[in-house]
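A.B. asks: Return a 3D structure for these sequence lines:
(2 chains)
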Amino acid sequence: MVEQSKMEVLVCLGTGCESAKSDILYDALKDQVKKRKLGEKVQIKRIGCHGLCEQGPVIAIEPEGLFYCKVQADDIEKIVESHFVNGKPVEELFYESPTGEGVPHYKDIPFYSKQHRVVLKNSGHIDPSSIDDYIAEGGYSGLERALKEMTPEEVVEEVLQSGLRGRGGAGFPTGLKWKLGRNAPGDKKYAICNADEGDPGAFMDGSILTADPHSVLEGLSICAYAIGADEAYVYVRHEYPSSVAALKKALKDSYERGYLGKGILGSDYDLEIHLMEGAGAFVCGEETALMASIEGKRGMPRPRPPFPTESGLWGKPTVINNVKSLANTSIILREGWEWFKSIGTEGSSGTAIFSLTGKVRNTGLVEVPMGATLRNIIFDVGGGVKEDRTFKAVQTGGPAGGCLPADKLDLPVDFDSLKEAGAIMGSGGMIVMDETNCMVDVARYFLSFTQQESCGKCTPCRMGTLQMLRILDKIREGRGEEGDIEKLLELCDTVVKGSLCGLGQNAPNPVLTTIEYFRDEYEAHIKDKLCPSMVCRNLVKFTIDPDKCIGCTACKRICPTGAVQGERDSVHSIDQTLCIKCGACFEVCPPKAEAVLKVPTHGKPSGGAQ
Amino acid sequence: MPTIHIDGKKIEFEGKGESILDVARAAGIYIPTLCDHDELEPYGGCRLCIVQVEGMRGFPPACTTAAKDGMEVKTSTDDLMELKRNILQLLLMEHPSACIICDETERCTEYRPQPYKSGSITGCTTCPNRYVCDLRSVVENLGIKELDYEPQYKEVPVERNDPFFDRDYNLCILCARCIRVCDDVRGTSAITLANRGHESRVDTAFGGSHIDSGCWFCGACIDVCPTGSLFPRLTKWTGAPDSIAETTCTLCGMGCQVEFDLKWERIMSSRPGKPENPPNYHHMCVLGRFCIPSLVNAPDRLKSPYLLRNGEHIPITWEDAISETARILSETDPERVGFVGSPNLSTESAYAFTKLARLAVKSSNIDFRGSDFPALIHKEMAVDEDFKRIRSLDYLKEVDWIIAVGGDFVKTHQVVAKTAYRELKNGKPIIVLCEAGQNLQRWAREYVPLAPKNLEKALSNIADGDSKISGIESSQSQRILEIIQDGKGAIIVGSRIFESKDPGQVLRSLIRIAGDKGMLIPLFPLGNEAGVIKAGLRPELLPGPSSISIKETSALIEKSWSGGNLVDGLDLLEMRKRAMKRELDVLYVADGSVSIEGFDKVPTIIYQSPYPSKWVDKATVILPSTTFVEENGTFINLELRTLKLEALAKPPGSAREDWKIFTEIGQKISGKGFDYSDSSGLWDELSRFTRSIEIGGQAQRASWKPADKHESDWCPLYRGAIIAERIEDLARFIEKLPQRDTKPSGLSLEELVKHVEKERERQSKEAV
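C.D. replies: Predicted structure coming up:
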């Protein structure tokens, strides 16, 4: 008799779902299952990020592969009663396709079906706190193979052959870095995992660490073995409490199971991994600043050369790899370099992971083979732009990346193509923008971040970004002058060429690319004092169309400054001297009236918002 | 030899890790820099030294890029110069630049050398760097005449809440030289870069006071600052000096070379001597850096000789003063006259004093109030091989480990500390076997807060290589013995070993521990102690120094002097006992720091000093003398290095150099043997007498024991002037020292932050 397999209920506790209170769902499910004594039949599990954050909190039911979206606490009883007890899935919680049909299985949702999950294979499927779950999925077999069957040199060669390039952003061949570390003279060496993910809107590394921490530890152990280090660090941000907790648990289990410590897996190889919590400075993602921070100094980069592989942590040869690079190496060692090399493109093998955010329908964690086009990612996986607006630009590579316009949508996503177009792969942030985004404002937003996160050590980055920010502010506020664009470009040049580390050298990218691809928007701001997207506050005003106003007082009631005047059932007007342009009136004006208009401050009124 | 091409010029270099900047400078090629400093590790922050190197990506900074054979470097292509000018302009956004880009700069500095007094820097005339400015010279070099960018001045208030120096961070360009010198060179780490982006600033931990953050007020930060951000409060407004000159500071046994700004023949400000000058190589401590002008320009300095007549001091001429003193001294039984000198005398003055006592007056009752340290050194290191262990601080480079005993040298001898810290940075371990402040504790590889009374036993254990050291837990004993078992050692000995029962025994053990090739650094606390001992300012010693019991040397001196009382006499303690029994008729005291207790019963007191003290009231004759900046002479420091004193400033009133007063009195009494036209005659004469110490021949005679712990700890004195009593800022600092060295025990980080916040609140309330 075939044993009926147990139903696994996977509750996503990734950052997105958790902030939507999925922990309550988990507790409620446990409670219900216990109350109804379904323990024999149903097992409730916590998982890391399942990927489709937009639809969170999500619950997956395995082995059927059913998928419940936007689950609320009230739905729990229904799920238990209908699905667990009576075997009838709750259809209203299925994913709703753009055509309005319910999709029961997640593998049929384009968001998942169009992805190629390699590194994220375990994410959302295994319980991150269980080392057994990881081992059951083939975990630690890569390390075992390395330790038992290979010399460190062979491990380096394997990674070199795989063509893996650093997933931290710069795309330096990982195998080459290991080789340099391996060949560096010295008997004390360090391996470091860089988990200081700090880009606004990026959550790849954090998700992997919470969903599949062992894959990273395994990769780090392989790296340490390959270069000959007996000590390694995971440098993770303190503001990632769930990552920190997951890592702590994983480290504890690894030591207990003999995957770390003395004589790993019966070999004569010893390794100690320390967890180092960073204090939350963006620049500490830069490798020399990261090492300074581990040494207890202020997180501040220093010029290279010497590179960390020659003189790194405490002056010893050090290899630093990003979370995703390390997760990749465990897979390379498990599956072999040929398999890995078969994914992706010639110059960039493997997959690319993006945290897809912004004005896109399916925000979430995405993994596609290198060489997939931006269109694949944004439209096929991401489901296109929200509310059927027009796609305008996509920002890749975090705050130091670049904005690419619609005509670059067919650009293949790999290290070299993106760089050529003026953007960077970065560590994997991807922010989609539509017609309601003003590109001057977008450039300013990203620059304000890098400007604040500059460590202050070198002049071009410290003062140059500030000066650029002021010029952008000037333009945004309608005070732009002829020559400002040229001045910006000159500053960009100074900051790019003059800055000490990657933060400064890449900080002007958003400005450079927006000027390159959206120069007309800048010129509209400067010459016509117009913000084409109606975003820049000083360049728009709100008025009420007397022909349409129905005198409902909705706008008057919500106005925080008392700028709206007029009695009930009579036409309202807005006193421009009192208006702070918060846009609340515009939002509340009933659709049947649409009387509140957003018009340019200067020049002739166009017909309201787009 | 490897070669490199810079701007087409072929240059050979040694290939010992020189940077491109080093090679270019050596070849006379100018590359502008701001964050670079000779003493500091390359930093790569200001970005003004960027160059282009064929085959290298981007624009590497010349300061951090190693020169490699065959490199093609370009330093001044049009692109590069444009880039540098843009970077410098960005830097000037933050820096009030009125002075730098003003058309009138040249004439302004010529015709208006006096600054206006103003709260914060607004322009050229109020900047402390108006005369010499690194930043301005770089701007001139790159030819920046106007600024394209709007200024972004910080507009922060000038910080004046700490002793000695003010900080106007409006002028700061964040080159971090101050932070790096404090951290990497001085080992203090009192300041750091705080905040991020353009809000980055130099600050202390939690923004607390410098005293609390561990600052020693050595002033190194001021000396490396390329702008006018940091400046000594006292001397900011004194204007351009008439001249600048260097001499030796005598406020402790270090003998630092110090450079003075002189105006109207007075000392206006001091800073460390030139970087190439030993022993301090451009570093100092709080005393030399900040205290000298106030000390030597004190308004209460003695300015004229006085004589006591009918219970009142009346000013008299020098002629009368000399005659009267000579009369008093010659009319008294030499056995009933006492001579008390000072460790702050120049070696020549001390020699003249010895000669006056022993030859003219025929008294052998001669001593000074010192630490006893140099006398002990001579006695216990009678054998010349032992004595040679006192070497120059430069020798610290050669040793493999360092032991500190007898006091916290970071507190008392900052320059020794700075030199030791350099070795610590090179990986040499420091073992601290005494109570130490937090700074030294942090440096120590092994720290044992041994009380001085337990030193004797512990050190003899260590010298014997006993696996169990008395008073030290066994695993730590093991570690200490392991550190010192190989290589050469240096032992830094503080004066608190005198609190042990047998300081001689302690010193003997230390000599054994140091070994033949090792070195001993005795921390003489009180100025020219080694010099006055050489001059024989002790009853059991003769000039040289020589033990009084050695016949050959005393015969040589007798012959040279044509006579003299060359037998043992009374030391300071014995003189005091005699005085209490009214067996001392005349006391000639040249140091107001000697306690008057017991001596008040002496009927006739001759008091000679630059400063008034309790002795003035009792003195029959008062003779005003000079300070070290007003006299020529010789200083012998704790490395036994001979250093020159130069008379740079004009003494107040008719004050005279000590040696002149002593020799004139001697000449008056004897009629011959004291005829010197300048101090060098005395030095030449003294140099004829060489060191000759009898082994085991001397009774241990202590003339001074620390009166209390406070005084034994760190109490800078200068001939009757307690420096902290005269300089409020120093008193504020010294007072706080014990407090900051007590660890706030058991506080969690949160509690510590709360504690600091509370403290800051209290301070701001006080300020209001």
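A.B. asks: Taking the centroid of chain A, which residue is nearest it?
C.D. replies: In chain A, the centroid-proximal residue (CA atoms, centre = their mean) is A:A202; its distance is 2.3 Å.
A.B. asks: The stretch 301-450 of chain B: strands as residue ranges?
C.D. replies: Using DSSP state E, counting those that start in this stretch, the strands found in the stretch 301-450 of chain B span residues B:306-309, B:312-315, B:337-341, B:366-368, B:401-405, B:430-432, B:446-447.
A.B. asks: can the ones you listed go into CSV with extra columns for distance to chain A, mean neighbour count and mean pLDDT?
C.D. replies: Where C-beta positions appear, they are placed from N, C-alpha and C, glycine not excepted. Shown next, in CSV, are the strands of the stretch 301-450 of chain B (distance: least, CB to the nearest CB, whole Å; neighbours: other CB atoms under 10 Å in any protein chain shown; pLDDT from 0 to 100):
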stretch, distance to chain A, mean neighbour count, mean pLDDT
strand B:306-309, 60, 16, 95
strand B:312-315, 61, 12, 95
strand B:337-341, 51, 28, 96
strand B:366-368, 48, 29, 93
strand B:401-405, 21, 25, 96
strand B:430-432, 19, 23, 96
strand B:446-447, 19, 18, 94
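A.B. asks: Check the residue in the stretch 301-450 of chain A that chain B sits nearest to and give its pLDDT.
C.D. replies: Chain B sits closest to A:P303 of the stretch 301-450 of chain A, with a gap of 3.9 Å, by CB to the nearest CB. A:P303 is assigned 90 on the pLDDT scale.
A.B. asks: give the contact list for B:I292.
C.D. replies: B:249, B:251, B:258, B:260, B:267, B:270, B:629 (CB atoms under 8 Å, 6 or more residues apart in numbering or on different chains).
A.B. asks: rerun at 6 Å
C.D. replies: B:S270 (CB atoms under 6 Å, 6 or more residues apart in numbering or on different chains).
A.B. asks: hang on, it is in a helix, isn't it?
C.D. replies: Yes. B:I292: assigned to a helix according to DSSP: H, G, I helix; E, B strand; the rest coil.
A.B. asks: Nearest residue to the residue in the stretch 351-500 of chain A that chain B sits nearest to in space, ignoring adjacent ones along the chain?
C.D. replies: Among the residues of the stretch 351-500 of chain A, A:G456 lies closest to chain B, at 2.7 Å counting by CB to the nearest CB. Sequence neighbours aside, B:S200 is the residue nearest to A:G456 in space, at 2.7 Å (criterion: CB to CB, 6 or more residues apart in numbering or on different chains).
A.B. asks: Next, count neighbours for B:K457.
C.D. replies: By other CB atoms under 10 Å in any protein chain shown, the residues close to B:K457 number 18.
A.B. asks: Can you say which helix or strand has it in it?
C.D. replies: Per DSSP states H and E: B:K457 is located in helix B:455-464.
A.B. asks: Can you pull out the residues in contact with whichever helix or strand comes after that helix?
C.D. replies: Using DSSP H and E, the next helix or strand after helix B:455-464 towards the C-terminus is helix B:474-484. Residues outside helix B:474-484 that contact it (CB under 6 Å, 6+ apart) are B:401, B:429, B:431, B:446, B:468-469.
A.B. asks: Would you reformat those residues as TSV and include distance to A:G102?
C.D. replies: Below are these laid out as TSV (distance: CB to CB, whole Å):
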residue	distance to A:G102
B:W401	77
B:P429	72
B:I431	76
B:E446	73
B:K468	82
B:I469	81
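A.B. asks: And the residue of chain B closest to chain A?
C.D. replies: Closest point on chain B to chain A, by CB to the nearest CB, is B:S200, at 2.7 Å.
A.B. asks: what residues are up against that residue?
C.D. replies: Neighbours of B:S200 in contact, by CB under 6 Å, 6+ apart: A:456, B:174, B:193.
A.B. asks: 10 Å instead, please
C.D. replies: Applying CB atoms under 10 Å, 6 or more residues apart in numbering or on different chains, one finds that B:S200 lies in contact with A:298, A:300, A:454-457, A:462, B:172, B:174, B:176, B:193-194.
A.B. asks: do the same with B:L520
C.D. replies: Counting by CB under 10 Å, 6+ apart, B:L520 makes contact with B:377, B:381, B:386-391, B:489-493, B:507, B:510-511, B:513-514, B:638.
A.B. asks: What's the ChimeraX line that selects buried ones from these?
C.D. replies: Entered in ChimeraX, the line below selects the buried ones among the contacts of B:L520, by 16 or more other CB atoms under 10 Å in any protein chain shown:
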select /B:377,381,386,387,389,390,391,489,490,491,492,493,507,510,511,513,514,638
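A.B. asks: for stretch B:223-236, how far is the first residue from the last?
C.D. replies: 14 Å (CA to CA, to the nearest Å).
A.B. asks: Give the other helices and strands that the lengthiest helix in chain B contacts.
C.D. replies: Counting residues, the longest helix found in chain B (DSSP state H) is helix B:749-767. Of the remaining helices and strands, none touches helix B:749-767 by 3 or more CB pairs under 10 Å, 6 or more residues apart in numbering or on different chains; DSSP states H and E.
A.B. asks: Give me the buried positions along it.
C.D. replies: Going by neighbour count (16+ other CB under 10 Å), the buried part of helix B:749-767 is B:V756.
A.B. asks: What lies in contact with it?
C.D. replies: Contacts with helix B:749-767, where a contact means CB under 10 Å, 6+ apart, come from B:160-161, B:204-209, B:212-213, B:744, B:747-748.
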